[in-house]
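J.: got a predicted structure plus its sequence, pasted below:
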Amino acid sequence: MIYASHLIADNEMQEIIEQTGMGVESIDFSIADVLEHWEEHLPEYKERLHVMEAAHLTLHGPFLDLNPAAYDSQIRQVTRLRFDQSYEAARELGVEKIIYHSCYYPQVYFLEGWAERVAEFMNQFLEGRSDIEVALENVLDPKWESLKAVADQVEADNFGLCLDIGHANCYSAQPVEEWAQGLNPYLTHIHVHDNHGDRDAHLALGDGNLKWEKIQEIFMQEEKRRRETGCQKELTYTIECAKKEWILQSWEKLSCM
């Protein structure tokens, strides 16, 4: 399943859905002001989804100012509150997956002990919650191994990882192909966009320097492995581009998998 991030106007999203059958990845409930009154925002957003004829929905969780690995208990408490609110909103919307940022900040935090703190937070957050898949996404993370370490310690069956190939391309010295290969067994979702390795430009696939064909082959091999072994976890994709034409260009490359 392929989704498009709701970064463009509703009428353009409707045209994309009509043309491609893609789902929507909502970003509305990643905003603190919305989450503060999330129940009040639900009817309006449900109506927007209805008008767009969106049949499939994922949700991008909150991330600004949050940190599940924070040493300060009050920061962890606020992070938990926002994660809770977004999960409950996702339930009401019938969301299929929620993507949360890892919130790791290089040159501020050491990696030693980081994975353990994140895993502890996620285990507590997901206790009693199994109806929606949750994926942890890399952003500024310099190494794929730290995300793997989190996944190894989270006990919930509905937890996985989201590899943002654009983030890996500009924020990590490790090749994106290495990220894809190393995290493959843990991945449930992929964020797709391109850049030139200098900034998070969210370009269309093919407009940056990502080696998409090599990365695509790694994902295709993983999808084949899952089918052959009867793995129930589907590998899904969200195109994160801010222009309609960039979304469609990326969809052309992605939909041929």
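T.: Received the coordinates, thanks.
J.: and the helices in the stretch 51-200 of the chain?
T.: Ranges of helices within the stretch 51-200 of the chain are 73-93, 114-126, 144-153, 165-171, 176-183, based on DSSP state H, counting those that start in this stretch.
J.: the longest one - contacts with which helices or strands?
T.: The criterion is 3 or more C-beta pairs under 8 Å, 6 or more residues apart in numbering; DSSP states H and E, and the helices and strands that helix 73-93 contacts are helix 32-35, helix 38-52, strand 57-60, strand 97-101, helix 114-126. C-beta: built from backbone N, CA, C; applies to glycine.
J.: related to what we said a few turns ago, kindly reformat the helices of the stretch 51-200 of the chain as a markdown table containing mean pLDDT and distance to Leu7.
T.: Listed next are the helices of the stretch 51-200 of the chain as a markdown table, based on pLDDT from 0 to 100; distance: least, C-beta to C-beta, whole Å:
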| stretch | mean pLDDT | distance to Leu7 |
| --- | --- | --- |
| helix 73-93 | 97 | 18 |
| helix 114-126 | 97 | 26 |
| helix 144-153 | 97 | 24 |
| helix 165-171 | 98 | 13 |
| helix 176-183 | 97 | 22 |
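J.: who's in contact with stretch 197-212?
T.: With contact meaning C-beta atoms under 8 Å, 6 or more residues apart in numbering, stretch 197-212 is reached by 165-167, 169-171, 176-177, 192-196, 240-243, 245-247, 249-250, 253-254.
J.: count the residues that sit near the residue nearest to Ala173 when sequence neighbours are not counted.
T.: Spatial nearest neighbour of Ala173, excluding adjacent residues (C-beta to C-beta, 6 or more residues apart in numbering): Pro142 at 6.9 Å. Pro142: 16 surrounding residues under other C-beta atoms under 10 Å.
J.: for Gln232, same thing?
T.: 6.
J.: now do the contacts for the closest residue to Met122 other than its chain neighbours.
T.: What sits nearest to Met122 in space, not counting adjacent residues and going by C-beta to C-beta, 6+ apart, is Val154, at 4.9 Å. By C-beta under 8 Å, 6+ apart, the residues touching Val154 are Ala119, Met122, Asn123, Leu126.
J.: with just CA atoms, put the helix or strand that contains Ala4 into CSV.
T.: Ala4 is part of strand 2-5, with elements assigned from DSSP states H and E. These are the backbone C-alpha positions of strand 2-5, laid out as CSV (Å, rounded to 0.1, in the frame of the first residue of the first chain):
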residue,chain,number,x,y,z
ILE,A,2,1.2,3.5,-0.9
TYR,A,3,0.2,6.7,0.9
ALA,A,4,0.8,10.4,0.2
SER,A,5,1.6,12.7,3.0
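J.: would you mind getting the angle between the helix or strand that that strand is followed by and helix 38-52?
T.: Going down the chain from strand 2-5, the next helix or strand is helix 10-20, by DSSP H and E. Angle, helix 10-20 to helix 38-52, by axes from the mean of the first three to the mean of the last three C-alpha atoms, to 10 degrees: 50 degrees.
J.: list the buried residues in helix 10-20.
T.: Buried residues in helix 10-20, counted by 16 or more other C-beta atoms under 10 Å: Glu12, Met13, Ile16, Ile17, Thr20.
J.: mind listing what the second one touches?
T.: What it means is Met13. Met13 neighbours (C-beta under 8 Å, 6+ apart): Ala4, His6, Val24, Met52, Ala54.
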